[in-house]
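> could you look at this predicted model? Sequence included:
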Amino acid sequence: MPINHRIVLDNRPQGEATAHNFKMVELPLPELKDGEVLVCHHYLSLDPYMRGRMNESKSYAVPQPLGEVMIGGTVGEVVDSRHPKFKAGDQVVGMGGWQEFSVVDANVIGALRKVDTTHVPLSHYLGAVGMPGVTAWYGLVKIINPKAGETVTVSAASGAVGSAYGALAKARGCRVVGIAGGKDKCDYVVKELGFDACIDYKEHKDYISLSKALREACPNGIDGHFENVGGMVLDAVMLRTNAFARIAVCGMIAGYDGAPLPMSNPALILVNRMKIEGFIVSEHMEVWPEALQELGTLVGTGKLRPRESVAQGLAAAPEAFLGLLKGKNFGKQLVKLI
């Protein structure tokens, strides 16, 4: 019987996550039951939200169970099927987790989706034309809802969400300013992704300094902001917001190790009559078809050129994930399994 290697959460982090929180195990693959599909994973997605799931504290989702395969999006190929809608050779996207194979109950709506790789590479269905892309779309379109000519900003601009956000905002006629860590990332954001400007937050020791740079890059103020980071970045952006600014909050990666992230000037929410809204993209499945259609078109026509950081082999997943939390990735972080 074939063996499946998987990575489980072995113990919960005490503060910063480490490789010792994870454990590689192997299990035999079970026989398929009616309605089930066996998928061989080609790529595994690593995403910041996984860090929150590792904690046992109250959150928007149940904690990652100890001893169970780590949650995560996957793309791959059907190798065996006992479901009429799927056959061997189909390329699919799902939530197979940190493992080489997954057995999926294909009767569960949304558990497995066929994808077309004619114009969009398979790996992009975990990034620009997947959950991160739809995340950017929802925050921009449904929360910020910008008008042509408005100025919008995004933190972690070179990442999977930020790059999609930039393309979507430019398509709507906005001035788009990114915030990223390092000259290489900022060069990519402007030259490859087509942002109007990008600020390297690593050049600024505090939010006052970062805010001055934002004032130069956003001479007409900030009308909409997409937050992936929190902390100093959010404080700096809030100082530059216009009246009735909208902030979509998707991530707080600066605080994923449990440290509090106090807001420096919460009075600005009132002064600028700001709307700040947090969201979880999996709670808005109704927008996915529309969002994926637009994102697929942007990638297919070359208007969105996503970048990927690819770790090789399942065993590399923990260190790649920890690097992602520290901003070591450049673009969408993946693990190549085949």
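Ah, there it is. Residues are numbered from 1 along each chain as shown.
> what are the ranges of the helices in the stretch 101-250 of the chain?
Secondary structure of the stretch 101-250 of the chain, counting by DSSP state H, counting those that start in this stretch: helices at 131-137, 160-171, 183-191, 207-217, 232-239.
> show me what the longest one is packed up against.
Yep, that's helix 160-171 we're talking about. Contact partners of helix 160-171 among helices and strands, from 3 or more C-beta pairs under 8 Å, 6 or more residues apart in numbering; DSSP states H and E: helix 131-137, strand 151-155, strand 175-180, helix 183-191, strand 222-227, helix 288-300. The way it works is simple: take the backbone N, C-alpha and C, and place the C-beta from them, glycine included.
> residues of it that come out buried?
Neighbour counts over helix 160-171 (16 or more other C-beta atoms under 10 Å) mark 160-170 as buried.
> repeat that for the third one.
Neighbour-count burial for helix 183-191, with 16+ other C-beta under 10 Å as criterion, is recorded at 185-186, 188-190.
> name the helices or strands packed onto that helix?
Using 3+ C-beta pairs under 8 Å, 6+ apart, helix 183-191 sits against helix 160-171, strand 175-180, strand 197-200.
> CSV for those, including mean pLDDT and distance to I3?
What follows is these, written out as CSV (pLDDT from 0 to 100; distance: least, C-beta to C-beta, whole Å):
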stretch, mean pLDDT, distance to I3
helix 160-171, 97, 31
strand 175-180, 98, 41
strand 197-200, 98, 46
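> who wins for proximity to A311 among the helices and strands packed on helix 160-171?
Taking C-beta to C-beta as the measure, the helices and strands packed on helix 160-171 were each checked against A311, and helix 131-137 came out nearest at 17.0 Å.
> center of this protein, which residue is that?
P132 (4.0 Å; C-alpha atoms, centre = their mean).
> just for the protein, where's the confidence low?
1 (pLDDT under 70).
> and it, what are its domains?
Split into domains by automatic domain parsing, the chain comes to 3-127+307-336, 131-282.
> tell me who's in contact with P30.
Remark: with contacts taken as C-beta atoms under 8 Å, 6 or more residues apart in numbering, P30 is in contact with V103.
> now do L292
By C-beta under 8 Å, 6+ apart, the residues touching L292 are 129, 133-134.
> can you pick the most crowded of those?
Of all the contacts of L292, the most densely surrounded is G133 (33 neighbours; neighbours counted as other C-beta atoms under 10 Å).
> contacting residues for that one?
Contacts for G133 were tallied using C-beta under 8 Å, 6+ apart; they are 127, 160-161, 164, 291-292, 295.
> mind listing what the nearest residue to R53 once chain neighbours are set aside touches?
Closest residue to R53 in three dimensions, ignoring its sequence neighbours and counting by C-beta to C-beta, 6 or more residues apart in numbering: Q64, at 4.2 Å. Neighbour list for Q64: 9, 50, 53-54, 70-71 [criterion: C-beta under 8 Å, 6+ apart].
> mind running it again at 10 Å?
For Q64, the contacting residues are 8-9, 12, 21, 50-56, 70-71, 97, taking C-beta atoms under 10 Å, 6 or more residues apart in numbering as the criterion.
> as CSV, the helices of the stretch 101-250 of the chain with distance to P266 would be great.
As requested, those are exported to CSV (distance: least, C-beta to C-beta, whole Å):
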stretch, distance to P266
helix 131-137, 25
helix 160-171, 25
helix 183-191, 29
helix 207-217, 13
helix 232-239, 9
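> about what we covered before: closest to V310 out of the contacts of L292?
Using C-beta to C-beta, V129 is the member of these that lies nearest V310, at 16.7 Å.
> and T118, how close does it get to Y125?
For T118, the distance to Y125 (C-beta to C-beta, to the nearest Å) stands at 13 Å.
> more crowded one of those two?
Comparing T118 with Y125 by neighbour count (other C-beta under 10 Å), the higher total belongs to Y125, at 26 against 6.
> so which of the helices of the stretch 101-250 of the chain comes closest to V335?
Taking C-beta to C-beta as the criterion, helix 160-171 is the member of the helices of the stretch 101-250 of the chain that comes nearest to V335, at 14.0 Å.
> what about the nearest residue to T117 once chain neighbours are set aside, neighbour count?
Distance criterion C-beta to C-beta, 6+ apart; nearest residue to T117, sequence neighbours excluded, is Q91 at 5.8 Å. A count of nearby residues for Q91, using other C-beta under 10 Å, gives 17.
> from L298, how far out is Q91?
If you go by C-beta to C-beta, the gap between Q91 and L298 works out to 20 Å.
> do G73 as well
As judged by C-beta to C-beta, G73 and L298 stand 20 Å apart.
> can you check F321 too?
Summarising the geometry, the distance separating F321 from L298, computed by C-beta to C-beta, is 27 Å.
> pull out the buried residues from stretch 188-207.
Neighbour-count burial for stretch 188-207, counted by 16+ other C-beta under 10 Å, picks out 188-190, 193-201, 204, 207.
> which two in these are spaced the farthest apart?
The largest separation in the buried residues of stretch 188-207, counting by C-beta to C-beta, is between G194 and Y207 at 26.9 Å.
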